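> I'd like to go over a predicted model; first the sequence, then the structure.
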Amino acid sequence: MKKELGKWLMDIAKYITTAVVLSSIFGDVQEKWVIYVGGSLSIVVTLLAGLWLVKDKKKGE
């Protein structure tokens, strides 16, 4: 269950990356730094959470 949730979170990070790139190309936003900072922060959080859930724990740890 944890592994599937981790994979899902990593997919969400990829989708957010795509959304940030596409919005910067097609969007006419005055303050693009808000999109970059918010997108980068959410990408890092979801990617790290996904990687933490996917990692294999060895016996004895």
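Cool, the structure landed.
> going by C-alpha atoms from here, please, whenever you check contacts or count neighbours.
Fine.
> and the helices in the chain, which stretches?
Along the chain, counting by DSSP state H, helices occupy 2-26, 32-54.
> in CSV: those helices, plus mean pLDDT and mean neighbour count.
Listed next are the helices of the chain as CSV, based on pLDDT from 0 to 100; neighbours: other CA atoms under 10 Å:
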stretch, mean pLDDT, mean neighbour count
helix 2-26, 90, 15
helix 32-54, 91, 16
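> middle-most residue in this protein, spatially?
By CA atoms, centre = their mean, the chain has its centre lying nearest to Ala13, at 2.3 Å.
> so that one touches Leu48, yeah?
No: look at Ala13 against Leu48 with CA atoms under 8 Å: they stay out of range, at 9.4 Å.
> quick one: residues contacting Met10.
For Met10, the contact set (CA atoms under 8 Å, 6 or more residues apart in numbering) comprises 46-47, 50-51.
> what about 10 Å?
By CA atoms under 10 Å, 6 or more residues apart in numbering, Met10 lies in contact with 4, 16, 43-51, 54.
> nearest to Gln30, of those?
Of all these, the one sitting nearest Gln30 is Ile16; the distance, using CA to CA, is 19.8 Å.
> measure that closest one to Met1 for me?
Per CA to CA, to the nearest Å, Ile16 is found 23 Å from Met1.
> also Lys14?
Relative to Met1, and taking CA to CA, Lys14 is found at 20 Å.
> cool, Val21 as well?
Distance of Val21 to Met1, given as CA to CA: 31 Å.
> check Leu22 too.
To Met1, Leu22 is 32 Å away according to CA to CA.
> check Val20 too.
Distance, Val20 to Met1, by CA to CA: 29 Å.
> nearest residue to Lys3 other than its sequence neighbours?
Val54 (4.6 Å; CA to CA, 6 or more residues apart in numbering).
> separation between the one you found and Thr18?
Computed with CA to CA, the distance linking Val54 and Thr18 is 22 Å.
> also Lys58?
Distance of Lys58 to Thr18, given as CA to CA: 34 Å.
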